[in-house]
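> no sequence for this one, just the structure:
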């Protein structure tokens, strides 16, 4: 049996509650060794992972990780929120009773790390010294060394973060046990995987994966699910799957800050890491704070502030290239220490490739292995068109590697939020941008956020899959309480942000071309929003918000097909009236506050009058 106390003494880990936690789970999992790690251990741990074949070398001091072929994404159906109160049960949060869930996971984890090292990762999901630090400290225990390599890039890892807590017991207890991946019955009735956030105990127990959000417990499980619950329980903050970016006006020196929620495949990462269009670059500079999570709170002056609790980027590799996301490409160049997961890998040249990295895959297939580790050159004729990289392949890098990272991205005070935007992928009904000045209507818009799930659903073309606030997989308690918490936090601000809804994906119904250029030109819509908030432009009121006029947008250098700009800056009232019926059906699932229903009725009435 490992001498846990001796190991913790040698590592300088003094927090008695953490020591008790580590000793307990070392006993449960049967780990043969215990090791406390910090960011300073990164180089050594990387070399150990290379020596063990857990990582493979990529040219330029970068690394490649290949997960088990059935373990390539977050598994929502196996992910639960567990508490002792059934009132926390929502439509989407897969609520389970805490006692039974902990018992099940404890049984599955018992002895499951035998012969392995248990790595102790003390981390902070916030800039040190922030007003939300009390909810940011955590300790992840894992039996997978590549998880440590990734966590060092995604969080702030150091023993001081948990030794110096004002309340030594106030940290998230996170346990990750990989399990015997080929024997877990993934996708069957005997599936043993279970990923639980025991929210009212501030405990995270994940069993049966070594991949991403299933294993990097500081990220989704703590940074979103647990923090979502903590924010409501404390009444202090919101934890959202939001991007955070800054737009600096070089003429005035002022930087505006925007947070935003976007459902999957709706442009969130590309927008978060975007740059100003060339025509506007002399005056405006766009800076990156985060692509995935933001925590928001009201400061002492009544302003909404936010920061990104993460220290890194866990980005989707597919379609990432110099045209779509030059910042991301720059952040993973040789010398970045980036880790690539489930992309294609050349075992001879140590190169990596993924669909969309270049227009065509490498012509010479010598040495190239697909994401499963199988030689591309050995593929049959019928397999030639199969992807080289998994569609959910990833790259992990630190924010410091992003070329336009904001100079204050790690400021514990956060930044003042000027605008909260929502954006879904829809071919029609949603204009380029519509500003919303009423808080309840802004929250209502977030609760009805969605993206087109299919081209036709029950005869209705383009019906949306709703994803409230882009938090559908991450909401930790009942949706009506969640909406009320939003109203409480934003409503407490004396200078609330402006809300808006954006849509970069309108298409021409005849030939299908996009009406808007997208990518860097999306900054133009945000600049209009900030001018509208400042009272510099008035826009055109509609039933669903204020839309810019063509004259108010800076469109220098842009070209449009005939009629496209008019379509981008208009709404189809008949299409919207149809949408309102679907929204009512969607919202009826939740125990919503009356303010949200009042907002729905106001918008519906305005559409009826349009």
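Done, it's in. All figures in this text were calculated on a predicted structure; none of them were measured in a lab. Numbering: from 1, shown residues only.
> So the residue nearest in space to the middle of the chain versus residue 210, what's the distance?
Against the mean C-alpha coordinate of the chain, by Cα atoms, centre = their mean, the closest residue is residue 292 at 3.0 Å. Noted for residue 292: a distance of 20 Å to residue 210, by Cβ to Cβ, to the nearest Å. Bear in mind the C-beta positions are built from the backbone N, C-alpha and C, glycine included.
> Ok, residue 559 next?
Residue 559 is 48 Å from residue 210, by Cβ to Cβ.
> quick one: which of these two has more around it?
Taking residue 559 and residue 210 together and counting by other Cβ atoms under 10 Å, residue 210 has the greater number of neighbours (24 against 7).
> For residue 114, the count of nearby residues, please.
Neighbour tally, residue 114, other Cβ under 10 Å: 11.
> how near is it to residue 99?
26 Å.
> mind listing the strands in the stretch 151-300 of the chain by residue range?
Taking DSSP state E, counting those that start in this stretch to define them, one finds strands in the stretch 151-300 of the chain at 156-157, 172-177, 194-198, 203-207, 237-240, 243-249, 255-261, 284-290, 294-298.
> what's the angle from the fourth one to strand 172-177?
Pointing back at strand 203-207 there. Relative orientation of strand 203-207 and strand 172-177, computed by axes from the mean of the first three to the mean of the last three Cα atoms, to 10 degrees: 10 degrees.
> List the strands paired with strand 203-207, with their directions.
strand 172-177 (parallel), strand 194-198 (antiparallel) (DSSP bridges).
> Now do residue 297 against residue 488, distance only.
12 Å.
> again but with residue 365, I slipped
57 Å.
> Kindly report the same for residue 66.
45 Å.
> Residue 50 now?
Distance, residue 50 to residue 488, using Cβ to Cβ: 50 Å.
> which residues of the chain score low on pLDDT?
For the chain, the stretches with pLDDT under 70 are 453-462.
> And stretch 84-91, end to end?
17 Å (Cα to Cα, to the nearest Å).
> Name the residues of it that come out as buried.
88, 90, 91 (16 or more other Cβ atoms under 10 Å).
> Adding mean neighbour count, write the strands paired with strand 203-207 out as JSON lines.
Shown next, in JSON lines, are the strands paired with strand 203-207 (neighbours: other Cβ atoms under 10 Å):
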{"stretch": "strand 172-177", "mean neighbour count": "26"}
{"stretch": "strand 194-198", "mean neighbour count": "26"}
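> Could you dump those strands into JSON lines and include distance to residue 230?
Formatted as JSON lines, those follow (distance: least, Cβ to Cβ, whole Å):
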{"stretch": "strand 172-177", "distance to residue 230": "9"}
{"stretch": "strand 194-198", "distance to residue 230": "11"}
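> Quick one: closest of these to residue 163.
Smallest distance to residue 163 across those (Cβ to Cβ): 15.6 Å, for strand 172-177.
> Neighbour count: residue 297 and residue 488, which is higher?
With neighbours defined as other Cβ under 10 Å, residue 297 and residue 488 compare such that residue 297 has more, 23 against 14.
> Show the contacting residues for the residue nearest to that one when sequence neighbours are not counted.
Using Cβ to Cβ, 6 or more residues apart in numbering and skipping the chain neighbours, the partner closest in space to residue 297 is residue 237 (4.0 Å). When contacts are counted by Cβ atoms under 8 Å, 6 or more residues apart in numbering, residue 237 touches 132, 135, 227, 230, 231, 295, 296, 297, 489.
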